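Asks: 3D model of this:
(one chain, ligands or ions: 2)
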Amino acid sequence: MTDLPGIVITGASGRMGQMLVRTVLASDKARLVGCVERAGNAWLGRDIGEAMGGAAVGVSVTDDPLEAFAKAQAVIDFTSPAATVEFAALAAQARAVHVIGTTGLEPAHLEKLDWAAHHAVIVRAGNMSLGVNLLVQLTKKVAEALDADWDIEVLEAHHRMKVDAPSGTALMLGDAAAEGRGVTLDEAKVAARDGITGARERGSIGFSSIRGGDIVGEHDVIFATEGERIVLRHLATDRTIFARGALKAALWGQDKIPGHYNMIDVLGL
Ligand SMILES: NC(=O)C1=CN([C@@H]2O[C@H](COP(=O)(O)OP(=O)(O)OC[C@H]3O[C@@H](n4cnc5c(N)ncnc54)[C@H](O)[C@@H]3O)[C@@H](O)[C@H]2O)C=CC1
Ligand SMILES: O=C(O)C1=N[C@H](C(=O)O)C[C@H](O)C1
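Replies: Numbers count the residues shown, from 1 in each chain. Ligands and ions are numbered 1, 2, ... in the order given. Alright, predicted model coming up:
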C-alpha cells in the first residue's frame with residue numbers, strides 16, 4: 001500500500017480539487033498524501049474528508065506547499081496561473097511529477113514552466129479528458145483536409161464561475177486547427193466580435209464563449225463553407241473525466257525523464 005505513488009492535490013476545496021481528492025481516494029493505484037489551499041481558506045487545518053462532508057481520511061489541508069510536496073511523487077494542480085507557476089518551481093525542487101490542469105496561462109507563465117520542466121516532469125493540458133484529446137486530433141486532420149474556403153469557428157460554453165476565456169480546451173482545438181492548416185493560432189485568432197466588424201477575414205479562426213449556470217464544458221469546432229458545414233462536438237457532463245485523466249497523467253509521468261508533456265503523450269493518441 002505504502003509503495004503506491006503519493007499524490008498532493010492543490011486547490012483542494014475547489015470544484016476540481018474536490019473531484020480530484022475523491023478520485024485519488026477511490027484509486028487502488030495511488031494514495032492521497034497532501035492537500036494544499038491558499039492562506040485564509042476556511043478548510044485549512046481540517047481533515048479533507050471531513051471538510052468535504054464525509055469521514056476523516058487522515059490528510060489535513062495545509063497552506064505550506066513545500067512541506068506537502070516533499071512527501072509526494074506527484075502534484076495535481078487545478079488552481080490559478082500565478083499559483084501554478086509557484087507550484088511548478090516547488091514540485092521541480094521535490095522532483096515530483098507536476099500535472100497542470102490550470103487554464104488561462106499567458107506566455108510569461110509558460111516560460112517559467114519550461115524552466116521547471118528541465119528538472120522534473122510536467123504534464124499540462126487545458127483538458128484532461130480522453131474525448132477532448134481525441135477531438136483535438138480529429139480537428140487537426142479535418143483542417144489538414146480542407147482549404148481556407150472552409151471557415152473555422154470554435155464555440156465553447158461553461159458555468160458562470162469560469163474566469164478565463166476562450167477556454168483552455170477551445171485554445172487547444174484552435175491550435176490543432178491552425179496546425180492542420182499550416183498557420184499559427186497567433187496569426188489566425190479572432191476572439192471577440194462586436195459592432196461593425198466587417199466581413200469575416202478569410203483564413204481566420206474565430207472563438208465564441210458562452211457563460212451560464214452549471215455547464216461543465218461544451219465545445220464545437222465548426223468548419224463552414226458555401227452549402228455545407230461540419231461540426232465536431234464534445235460535451236462534458238461530469239468533472240470526473242478531467243480528474244481521471246489527471247490521475248492517469250500523474251501515474252504515467254512516474255518513469256519519464258524531465259520535460260514538458262501533454263495528454264496526447266499520456267494517452268498515446
Ligand atoms: N485541464 C482540465 O481538464 C480542466 C481544467 N480546469 C481548470 O482548472 C482551474 C480550476 O478550476 P475550478 O476547480 O473550477 O476552480 P475553483 O475556483 O473551484 O478552484 C480553484 C481552487 O484553487 C485554489 N487556489 C487558488 N490559488 C491558490 C494558491 N496560491 N494556493 C493554493 N490553492 C489555491 C482556490 O482557493 C480554489 O479552491 C481553472 O483554470 C479551470 O479552467 C477545470 C476543469 C478541467
Ligand atoms: O473551468 C472549467 O470548468 C473548465 N476548464 C477547462 C477549459 O478551460 O477548457 C476544461 C473544461 O472545459 C472545464
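
Asks: So for the host helix or strand of N133, what gets flagged as buried?
Replies: Per DSSP states H and E: N133 is located in helix 130-145. Using 16 or more other CB atoms under 10 Å as the test for burial, helix 130-145 gives L130, V132, N133, L135, V136, L138, T139, K140, V142, A143. C-beta: built from backbone N, CA, C; applies to glycine.

Asks: Dump the residues you listed into a markdown table; add distance to ligand 1 and pLDDT as well.
Replies: As requested, the buried residues of helix 130-145 are exported to a markdown table (distance: CB to the nearest ligand atom, whole Å; pLDDT from 0 to 100):
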| residue | distance to ligand 1 | pLDDT |
| --- | --- | --- |
| L130 | 11 | 98 |
| V132 | 8 | 98 |
| N133 | 10 | 98 |
| L135 | 13 | 98 |
| V136 | 12 | 98 |
| L138 | 18 | 98 |
| T139 | 17 | 98 |
| K140 | 19 | 98 |
| V142 | 22 | 98 |
| A143 | 22 | 98 |
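
Asks: Among the residues you listed, which one lies nearest to I122?
Replies: When the buried residues of helix 130-145 are ranked by distance to I122 (CB to CB), N133 comes first, at 16.7 Å.

Asks: how close does I230 sit to ligand 2?
Replies: 21 Å (CB to the nearest ligand atom, to the nearest Å).

Asks: Over to N262?
Replies: Taken as CB to the nearest ligand atom, the span from N262 to ligand 2 is 14 Å.

Asks: ok, the nearest residue to that residue once chain neighbours are set aside - contacts?
Replies: Distances taken as CB to CB, 6 or more residues apart in numbering place A125 nearest to N262, at 5.0 Å, with adjacent residues excluded. For A125, the contact set (CB atoms under 8 Å, 6 or more residues apart in numbering) comprises I100, G101, N133, G168, M172, G245, A249, N262, M263.

Asks: And for the residue of the stretch 1-150 of the chain found nearest ligand 2, the neighbour number?
Replies: Relative to ligand 2, the nearest point of the stretch 1-150 of the chain is T103 (3.8 Å; CB to the nearest ligand atom). Residue crowding around T103 was assessed by other CB atoms under 10 Å; the count is 24.

Asks: Tell me the secondary structure at it.
Replies: Classification of T103 using DSSP: H, G, I helix; E, B strand; the rest coil returns coil.

Asks: returning to what we had before: which one of the contacts of A125 is nearest to ligand 1?
Replies: For these, the nearest to ligand 1 is G101 (3.3 Å; CB to the nearest ligand atom).

Asks: wait, that closest one sits on L247?
Replies: No. Using CB atoms under 8 Å, G101 makes no contact with L247, being 11.2 Å away.

Asks: can you list residues touching both of those two?
Replies: I76.

Asks: hey, where'd the helices end up in the chain?
Replies: 15-26, 48-51, 65-69, 81-93, 107-116, 130-145, 168-181, 185-188, 240-252, 263-267 (DSSP state H).

Asks: Give the rounded mean pLDDT of the third one.
Replies: Spelled out, that is helix 65-69. Throughout helix 65-69, pLDDT has a mean value of 97.

Asks: elements contacting that helix?
Replies: Contacts defined by 3 or more CB pairs under 8 Å, 6 or more residues apart in numbering; DSSP states H and E place helix 65-69 against strand 6-10, strand 31-36, helix 81-93.

Asks: Comparing these, which stretch has the densest surroundings?
Replies: Burial of the helices and strands packed on helix 65-69 is given as mean neighbour count (mean count of other CB atoms under 10 Å); strand 6-10 ranks first at a mean of 30.

Asks: which residues sit against it?
Replies: Against strand 6-10 from outside (CB under 8 Å, 6+ apart): 17, 20-21, 24, 30-37, 65, 68-69, 71-79, 83, 87, 96, 247, 250.

Asks: so what's the residue of the stretch 151-269 of the chain found nearest ligand 1 closest to, chain neighbours aside?
Replies: The stretch 151-269 of the chain approaches ligand 1 most closely through F242 (3.7 Å), counting by CB to the nearest ligand atom. Using CB to CB, 6+ apart and skipping the chain neighbours, the partner closest in space to F242 is M128 (4.7 Å).

Asks: I'd like the distance between the residue of the chain found nearest ligand 2 and G14.
Replies: Ligand 2 sits closest to G217 of the chain, with a gap of 2.8 Å, by CB to the nearest ligand atom. Note on G217: its distance to G14, by CB to CB, to the nearest Å, is 15 Å.
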